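A.B. asks: Model the structure of this input:
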Amino acid sequence: MTETDTSKTGSAFDVELLGRITGRPIQTVADLIDLEEHLTSEPGDPNAPRWCFRGQPQVYGNLTPSFQRQFQREAIGAAEIIERRLVEAFREHYGQLGDRSREMPHPPRIDDRFTLRCLSVMQHYEIPTRLLDWSSSFWTSVYFACASHERDEAEFWFYDRRIFDSQVNSLDYSSLLSDSMNPAEEPQILGARSECLVLELDPKITPRMVEQDAHHTVATDVFSDHAPLLYQRRREFHEMWADAEPAFQRRKIDGACKGKALQFLAEEKNITASTIFPDVVGLGRFLRWQFDSLRTMLL
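C.D. replies: Modelled structure (predicted):
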């Protein structure tokens, strides 16, 4: 898939702007180590960037959530109905799950006052949603970039979470960043088409989110590409912090680097599917990765 192929992923990020935020390609594990060291700040620096990362195993040229990729065209009204029905069905069946782990939230924490938190739990069970996953762990995100589509180039996106400082201070949206057991009722942003916003959602509500040091971005429009929205946040941020490191960036990872990166992660960082996904799904993914690695080595 090329960077301007929009047949499966919705509208692509403007090619000129995409080039503006895309840095030198990553071809080796050493390049990854260099990038991680470059982005690491001195401990205790109050003005240091707060980087978060997203690895995508193919080059899409945009940041569209998995839910959007299920549609062949932008049927927004139909998509909103499907999303609402999925949420309703999930709540009904989730409340009846007998094998839900103790670490998973109780049903009242994802009721109709907390639809975004419900979407976060649905994402945990690998149901497509409008949420986009990010991690504050550089190497966890490298894993997601490299763990599939082994011959394809990958994308590695990252932004400085300070671009959302205005949300932190907002009475309207700060509740989306609360990990409280009794959070305030969420703002009604889904389907708000009058203003296309992107916000952070960080409830730390599932074991995977905690293990992966993860949060989401969410847009008011179900079919939004988050890339141009984050780029606009970057522009606003640099009006105040003109000398700061560019607050929203992208790199490509060469397909030939993926296998070596996964081996480095397993041996040096103890990052595998079984550590990233602390459940039986993670064990299955880890064993499938081992199967593919051994097959490649022996056959």
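A.B. asks: Check which residues of stretch 28-45 are buried.
C.D. replies: Neighbour-count burial for stretch 28-45, counted by 16 or more other C-beta atoms under 10 Å, picks out 29, 31, 32, 35, 39. Quick note: C-beta positions are derived from backbone N, CA and C, even for glycine.
A.B. asks: which one is the last one nearest to, not counting chain neighbours?
C.D. replies: Once flanking residues are discounted, residue 39 sits nearest to residue 51: 5.3 Å by C-beta to C-beta, 6 or more residues apart in numbering.
A.B. asks: Confirm that residue 158 sits in a strand.
C.D. replies: Yes - assessed with DSSP: H, G, I helix; E, B strand; the rest coil, residue 158 lies in a strand.
A.B. asks: How much space separates it from residue 39?
C.D. replies: 7 Å (C-beta to C-beta, to the nearest Å).
A.B. asks: Find residues that contact each of these two.
C.D. replies: Shared contacts of residue 158 and residue 39 (C-beta atoms under 8 Å, 6 or more residues apart in numbering): residue 51.
A.B. asks: quick one, strands of the chain?
C.D. replies: 51-56, 132-135, 154-160, 198-201, 214-219, 248-253 (DSSP state E).
A.B. asks: average pLDDT across the second one?
C.D. replies: Taken as a whole, strand 132-135 has an average pLDDT of 97.
A.B. asks: helices or strands next to it in the packing?
C.D. replies: Strand 132-135 is packed against strand 51-56, helix 138-146, strand 214-219, with contacts defined by 3 or more C-beta pairs under 8 Å, 6 or more residues apart in numbering; DSSP states H and E.
A.B. asks: chain center to the longest one: distance?
C.D. replies: Taking the mean C-alpha point of helix 138-146 and that of its whole chain, the gap between them comes to 11 Å (C-alpha atoms, centre = their mean, to the nearest Å).
A.B. asks: So what touches it?
C.D. replies: 32, 35-36, 39, 51, 53-57, 134-135, 154-156, 158, 212-214, 253, 257-259, 261-262, 265, 269, 271-272, 276.
A.B. asks: hmm, back to that, which residues touch the residue nearest to residue 39?
C.D. replies: Residues near residue 51 by C-beta under 8 Å, 6+ apart: 39, 136, 138, 158, 159, 160, 161.
A.B. asks: try residue 177
C.D. replies: 167, 168, 200, 201, 202, 203.
A.B. asks: switch to 7 Å and redo it
C.D. replies: Going by C-beta atoms under 7 Å, 6 or more residues apart in numbering, residue 177 touches 168, 200, 202.
A.B. asks: And those, which of them are buried?
C.D. replies: With neighbours counted using 16+ other C-beta under 10 Å, the contacts of residue 177 contain these buried positions: 200, 202.
A.B. asks: Quick check: which of the contacts of residue 177 has the minimum pLDDT.
C.D. replies: residue 168 (90).
A.B. asks: With adjacent residues omitted, what lies nearest to it?
C.D. replies: That would be residue 174: by C-beta to C-beta, 6+ apart, it lies 6.0 Å from residue 168.
A.B. asks: Just give me the neighbour total for the residue nearest to residue 191 when sequence neighbours are not counted.
C.D. replies: By the measure of C-beta to C-beta, 6+ apart, the closest residue to residue 191 outside its immediate chain neighbours is residue 80, 5.5 Å from it. Using other C-beta atoms under 10 Å, residue 80 has 17 neighbouring residues.
A.B. asks: Cool, thanks, talk later.
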